[in-house]
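A.B. asks: sequence and predicted structure, then a few things I'm wondering about:
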Amino acid sequence: MASSGGHLRLQVLGPLRIWRDGVELDPGPRQQSYLLAVLLARAGRPVSTSELVDLIWAEDVPASAVNILQKYVGALRRLFEPLLPVREAGSFLHRRGNAYLFTVGSATLDLVTFRERVDAAGTARTRHDHEAALDHFVAALGLWHGSAGDGIAEGTIAATVVAALDNEFYDACIAAAELAVSTGRPERVLAALQLAASMAPFNERVQAGLIGVLGAAGRQAEALSVFRQARDRLAEELGIDPGPVLEDAQRRILAQPRALPLVRKPDGETGRPTAATLIGRTEELATLRRIVERALAGDTAIGVVEGEPGAGKTRLLEETAAVAGRLGALTVWGSCLEGDGTPAMWPWEQALGQVVRSLPAAAGEQWLTGELGSLLAARDDAPRELPDGNAQFRLFEQFVALVGQASERQPTLLILEPPMGRRHLPAVVAALGGAAAPGHRGHRRVARPRTHAQPKPLPGAGRCQPVARSPEVPARPARCGRGGRTHPPRGRPGTRRRRRPCHPRPYLG
């Protein structure tokens, strides 16, 4: 650093910005800014005068272009080092024959730091030091604040040079996403992938990387929403279908079991989250615990958690599942995912797969070769229709029998968040409620619609979301609308209705 300068810091990974001794400076006139952006993008490599003239002026080159260029170079040198004597090159911008070379270290230019960090990540990966590699990737990606130069040279040939830096960002994001997912740390690169996806809406590899990171972080609904938006964008603006990379990303999300958000503990702390982490939910958690304990004692039990989105229902259920696990129960989740990227019968597929996997191999194989197995075999390769009325009843009966068989081996907590609950959940609840005859201790199930020991609605409740399972469930549970009014379930088995977003409704026993 020249003695006449002070501490200089340059940013090109996002809006073009200059700081000297902590004070932000104006990069100067428009074409001078173009010149600076190109020199920063090519830092460490000489750029010929003729190329600079072409990049800045294209076909509209003035007769005095070289003189103007030299004037801009001088102005930039004095901007970086105000006390630099006239006609001296200074510390950063040097003449090399008929070219200019911008030399700067990582402490001055964010692009140099980014490239050094990416190289360090690659070196760490070759040593199989994945944690160090991920640390370097995270540090590199955190330097980005938007498209390189933030469109400063848009409409000129110089824009292509600056925009090429964005591709380095995308490649680093994709590599970091793969590493973060494989090491179970997807949340560390999520913000960078979201930025990259917003910068490159048609880059299918970037969009697929974001989908994979969201899915690995347990945010399957958001992952499918990203796929749906990317698919629609490609169709509407380019007239093409998603490529194999995007389709594979969607398939992997649909193949995932229900993933709970990771709960990380402070260093040295062990064990699962406790009720102390659920501020103001002690009474609700105690009620759900009593329901679980009742089922574990040989009864059947059912409970419901109510509340608007964001009220903390899922977090309460996660803690209840943790309690059940400590008491020796198998927890099975069937989750609702919003959007038309979600297949029909999706929550039942999730629950079915988990229950089958809990059985011995021979017993599980028997179920998979039957009618229930067709749900798992179909997946998303082709559109699926809901089963007709007779098939629905057969599937419900078989599902109840399957849960019964699993619960004879291990008490089972069944948590369902159904997107089609308005028609299908009442029948399943009724079937589960009548599955265990009075006094029969073999079936210990905790399903998920409603109970006489119901927790109070969470703040903001207006709709409710089913949880667990009950001793006396009537043959036809009613559905509750707003204001406490009850209505019988609508629709006939086998009729088709338009899929709607997943907004859970209460089911009253």
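C.D. replies: In hand now; what should we look at? Residues are numbered from 1 along each chain as shown.
A.B. asks: tell me where the chain has strands.
C.D. replies: 8-11, 17-20, 23-25, 47-48, 93-96, 99-102, 304-306, 330-334, 412-416, 445-446, 464-466, 478-480, 486-487, 507-508 (DSSP state E).
A.B. asks: show me what the second one is packed up against.
C.D. replies: Yep, that's strand 17-20 we're talking about. When contacts are defined as 3 or more C-beta pairs under 8 Å, 6 or more residues apart in numbering; DSSP states H and E, strand 17-20 sits against strand 8-11, strand 23-25, helix 65-80. In short, each C-beta sits where N, CA and C put it, glycine included.
A.B. asks: just to revisit the earlier point, winner for burial among the strands of the chain?
C.D. replies: strand 445-446 (a mean of 30; mean count of other C-beta atoms under 10 Å).
A.B. asks: ok, which of the helices and strands packed on strand 17-20 comes nearest Phe137?
C.D. replies: Checking those against Phe137 by C-beta to C-beta gives strand 8-11 as the closest, at 19.6 Å.
A.B. asks: report all helices and strands that the closest one contacts.
C.D. replies: With contacts defined as 3+ C-beta pairs under 8 Å, 6+ apart, the packing partners of strand 8-11 are strand 17-20.
A.B. asks: identify each buried residue in the lengthiest helix in the chain, please.
C.D. replies: The residue-count maximum for a helix in the chain (DSSP state H) belongs to helix 158-182. Applying a neighbour-count criterion of 16 or more other C-beta atoms under 10 Å, one finds 158-159, 161-163, 165-166, 168-170, 172-177, 179-181 buried in helix 158-182.
A.B. asks: any idea of the mean pLDDT for that helix?
C.D. replies: Taken as a whole, helix 158-182 has a mean pLDDT of 94.
A.B. asks: repeat that for stretch 80-88.
C.D. replies: Here the average pLDDT along stretch 80-88 is 85.
A.B. asks: can you check stretch 414-427 too?
C.D. replies: 56.
A.B. asks: try stretch 117-125
C.D. replies: In the prediction, stretch 117-125 has an average pLDDT of 97.
A.B. asks: what's it in contact with?
C.D. replies: For stretch 117-125, the surrounding residues in contact (C-beta atoms under 8 Å, 6 or more residues apart in numbering) are 130, 132-134, 136-137, 139-140, 143, 168, 172, 175-176, 179.
A.B. asks: between these, which is nearest Leu79?
C.D. replies: Scanning the contacts of stretch 117-125 for proximity to Leu79, where the rule is C-beta to C-beta, the winner is Leu143, at 22.2 Å.
A.B. asks: so who does that closest one touch?
C.D. replies: So Leu143 contacts Leu13, Asp110, Thr113, Phe114, Arg117 (C-beta under 8 Å, 6+ apart).
A.B. asks: ok, now with 7 Å
C.D. replies: Applying C-beta atoms under 7 Å, 6 or more residues apart in numbering to Leu143 gives the contacts Leu13, Asp110, Thr113, Phe114.
A.B. asks: what distance do you get for the closest residue to His7 other than its chain neighbours to Glu308?
C.D. replies: Closest residue to His7 apart from its sequence neighbours, by C-beta to C-beta, 6 or more residues apart in numbering: Asp21 at 5.5 Å. Look at Asp21 and Glu308: by C-beta to C-beta, to the nearest Å, they are 51 Å apart.
A.B. asks: likewise for His130?
C.D. replies: Taken as C-beta to C-beta, the span from His130 to Glu308 is 40 Å.
A.B. asks: then Arg185?
C.D. replies: 31 Å.
A.B. asks: what does Asp54 give?
C.D. replies: For Asp54 relative to Glu308 (C-beta to C-beta), the value is 59 Å.
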